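Novice: Test case, fold it:
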Amino acid sequence: MAKVIMIQGTMSNVGKSFLTAGLCRIMRQDGYRVAPFKSQNMALNSYITEEGLEMGRAQVMQAEAAGIKPMVCMNPILLKPTNHTGSQVIVNGEVLGNMSAKDYFAYKRKLVPHIKRAFLKLSEYADIIVIEGAGSPAEINLRKNDIVNMGLAELVDAPVLLAGDIDRGGVFAQLLGTLLLLGEKEKERVKGLLINKFRGDKSLLMPGIETLEQKGGIPVTGVIPYMELALEDEDSLTERFNRKGSGCIDIAVIRYPRISNFTDFNVFDQMPEASLRYVDSLSKLGHPDMIVLPGSKNTMGDLKWMRENGLEGAVKGLAEEIPVFGVCGGYQMLGEEITDSEGIEEGGSMRGMGLLPVRTRLHKEKVRIQVKGRLNGLEGIFLRLSGMEYSGYEIHMGQTEIIGGTGMACGEAVISSKGKNVYGTYIHGIFDKASVAAGIVVALAEKKGIRVETGIFCDYGSFKEKQYDLLADMLRENLNMEEIYGILKEARLF
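Specialist: Model prediction:
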């Protein structure tokens, strides 16, 4: 049986995921068995568990902070948008099907038993469960049949901490407006208010806090400063796409409309020599040292987008001079042809970019598997990667085969073209090993006649552990943890 506490927000991107992760790390440090939970996540960044089940990466990040392995019961419902009005619905790690937003809204109450079972399973393991809400509980048009904010809080009898984002302004209106739109019983669940992403002198905030507590009738439990942490954030409103590094090695990731699993490249953010940037137009591409085509939720649609805006032609031209690396959907794009006879995406057949001698056929059955091994037989600029260990997971709809005699399989991990520095893989996380990522940066640096210091590179997993500890330290300093533990003490055992 577990105690429960929930983080809700006044809107998307107020920092709920990081706050949940930080509380998980603090409570783990304090000796508790703690686990994260989010009943419904909408994201294109996903992960495959040991059992071959799919879940959102935000809960994976939180599980890492809690020091436990990711389990699909932490995220029983995952929505992966396929267009502006529809999503692939994944329940308990397996695809249920595609639904329009309207159809899903009418259907979602049928998923409550799945949420209950997942939560009960998690409560058998944990002393404390930290729940993350989604968006805002005050979306009055969505309150009916809610299963992720106050509807879930009522289902599991969870006390709530409500967070607002002061960095975007209007935090007092955010918090008071949200409280105003909640029902009386819902408001009673809110035990503390959090002001997140604060920059400046906290003493200047005190008059506002006093008025907020007076008008809202709920104490402010913490004012958390803006934190520059290299941790995975939610993909819908990530700030990563706007960051510009200062490293000497320029890595350009193509940011197509349905980009997925861009977390594959976060490892390069912790390397000062690497400058990772996301490109969504021809004018921004320039002449990088390497181009990466990431995963996509609609490979054919995103390739069509690249074809129409000129990025495809530019990538093909630059492939004569610099390495191009495709991951998952990006790998499929690099081939000769994509066939969709079952109507998974666009239907029909489509010419690929012709940079790798492979052909892809899309199928309804999704491949979901964790993998590990060694990179063998690479040629070209990344020859030095041969023999290095890798681990990761595959998650894709379709099978890809080599055609002709101009390509080679490097073990089961990477396909490369003969005579060109073009590479493709289905493996997410293939760069996470320090040796692999460092090998890529060193090879690119040597091509430019630059020497880089590799001794400072650490395994990405070790790097993230340090980031979780920094997050916990910052929250301990700025949250009233005594009050939060008091809220937990009063909470009902689930």
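Novice: contacts and neighbour counts: CA atoms only from here.
Specialist: Will do.
Novice: Run a quick neighbour tally on Ile140.
Specialist: By the measure other C-alpha atoms under 10 Å, the count of residues near Ile140 is 10.
Novice: Now do the contacts for it.
Specialist: Leu181 (C-alpha atoms under 8 Å, 6 or more residues apart in numbering).
Novice: Please renumber the chain so that the first residue is 56 from this point on.
Specialist: All set: I'll call the first residue 56, so the last point we hit is now Ile195.
Novice: ok, now how distant is it from Gly232?
Specialist: Separation of Ile195 from Gly232 (C-alpha to C-alpha, to the nearest Å) stands at 12 Å.
Novice: wait, isn't Ser301 in contact with Ser330?
Specialist: Yes: under the criterion of C-alpha atoms under 8 Å, Ser301 makes contact with Ser330 at 5.7 Å.
Novice: Neighbour count: these two, which is higher?
Specialist: More crowded of Ser301 and Ser330, by other C-alpha under 10 Å: Ser330, with 21 against 12.
Novice: Contacts only, for the closest residue to Glu328 other than its chain neighbours.
Specialist: Using C-alpha to C-alpha, 6 or more residues apart in numbering and skipping residues adjacent in sequence, the residue nearest Glu328 is Gly302, 4.3 Å away. Contact analysis of Gly302 by C-alpha under 8 Å, 6+ apart lists 327-330.
Novice: same question, Leu234
Specialist: Counted by C-alpha under 8 Å, 6+ apart, Leu234 has contacts 193, 242, 271.
Novice: Out of the residues you listed, which is nearest to Gly148?
Specialist: Ala193 (28.5 Å; C-alpha to C-alpha).
Novice: and the closest one, how far is that from Leu78?
Specialist: Distance, Ala193 to Leu78, by C-alpha to C-alpha: 24 Å.
Novice: In terms of neighbours, single out the busier of those two.
Specialist: Taking neighbours as other C-alpha under 10 Å, Ala193 and Leu78 compare with Leu78 leading, 28 against 20.
Novice: Am I right that the more buried one is in contact with Val185?
Specialist: Yes: using C-alpha under 8 Å, Leu78 makes contact with Val185 at a distance of 7.5 Å.
Novice: so what are the domain limits for this protein?
Specialist: As assigned by automatic domain parsing, the chain contains the domains 58-286+519-545, 304-506.
Novice: Dump those into JSON lines; add distance to Phe296 and mean pLDDT as well.
Specialist: JSON lines is the format used below for the domains of the chain (distance: least, C-alpha to C-alpha, whole Å; pLDDT from 0 to 100):
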{"stretch": "domain 58-286+519-545", "distance to Phe296": "13", "mean pLDDT": "95"}
{"stretch": "domain 304-506", "distance to Phe296": "5", "mean pLDDT": "90"}
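Novice: circling back to that earlier point, what separation do you get for the residue nearest to Glu328 and Phe317?
Specialist: Applying C-alpha to C-alpha to Gly302 and Phe317 gives a distance of 19 Å.
Novice: next one: Gly255
Specialist: Taking C-alpha to C-alpha, one finds Gly255 at 32 Å from Phe317.
Novice: ok, the two, which is more surrounded?
Specialist: Here Gly255 and Phe317 are compared on neighbour count by other C-alpha under 10 Å; more neighbours surround Phe317, at 25 against 9.
Novice: tell me which element the closest residue to Gly64 other than its chain neighbours is part of?
Specialist: Nearest residue to Gly64 in three dimensions, chain neighbours excluded: Ala218, at 4.6 Å (C-alpha to C-alpha, 6+ apart). Here Ala218 sits within strand 215-220, counting by DSSP states H and E.
Novice: What helices and strands are in contact with that strand?
Specialist: strand 58-64, helix 226-236, strand 245-253 (3 or more C-alpha pairs under 8 Å, 6 or more residues apart in numbering; DSSP states H and E).
Novice: Give me the angle between that strand and helix 226-236.
Specialist: 140 degrees (axes from the mean of the first three to the mean of the last three C-alpha atoms, to 10 degrees).
Novice: Kindly export strand 215-220 (C-alpha atoms) in CSV.
Specialist: In CSV, the C-alpha atoms belonging to strand 215-220 read as follows (Å, rounded to 0.1, in the frame of the first residue of the first chain):
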residue,chain,number,x,y,z
VAL,A,215,-2.5,18.0,-5.0
LEU,A,216,0.3,20.5,-5.3
LEU,A,217,-0.6,23.0,-8.0
ALA,A,218,2.3,24.5,-10.0
GLY,A,219,2.5,27.7,-12.0
ASP,A,220,5.1,29.1,-14.4
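Novice: can you give me the offset of that strand from its chain's centre?
Specialist: Using C-alpha atoms, centre = their mean, to the nearest Å, the mean C-alpha position of strand 215-220 is found 21 Å from that of the whole chain.
Novice: what comes into contact with that strand?
Specialist: Contacts of strand 215-220 (C-alpha under 8 Å, 6+ apart): 60-66, 68-71, 208, 226, 229-230, 244-253.
Novice: Same question for stretch 162-171.
Specialist: 94, 131-132, 146-147, 200-202.
Novice: quick one: terminal-to-terminal distance for it?
Specialist: Terminal residues of stretch 162-171 lie 16 Å apart, using C-alpha to C-alpha.
Novice: Check stretch 175-184 too.
Specialist: Span of stretch 175-184 from end to end, C-alpha to C-alpha: 11 Å.
Novice: what's the single longest helix in the chain?
Specialist: Scanning the chain for the longest helix, with DSSP state H as the assignment, gives helix 515-533.
Novice: Next, the angle from that one to strand 245-253.
Specialist: Computed with the same axes, to 10 degrees, the direction of helix 515-533 lies at 110 degrees from that of strand 245-253.
Novice: Tell me the gap between helix 515-533 and the middle of its chain.
Specialist: 18 Å.
Novice: For that helix, name the packing helices and strands.
Specialist: Using 3+ C-alpha pairs under 8 Å, 6+ apart: helix 515-533 touches helix 71-84, helix 112-121, strand 275-280.
Novice: contacts for it?
Specialist: The contact list for helix 515-533 (C-alpha under 8 Å, 6+ apart) reads 76-78, 80-81, 119-120, 277-280, 282, 284-286, 322, 325, 487-489.
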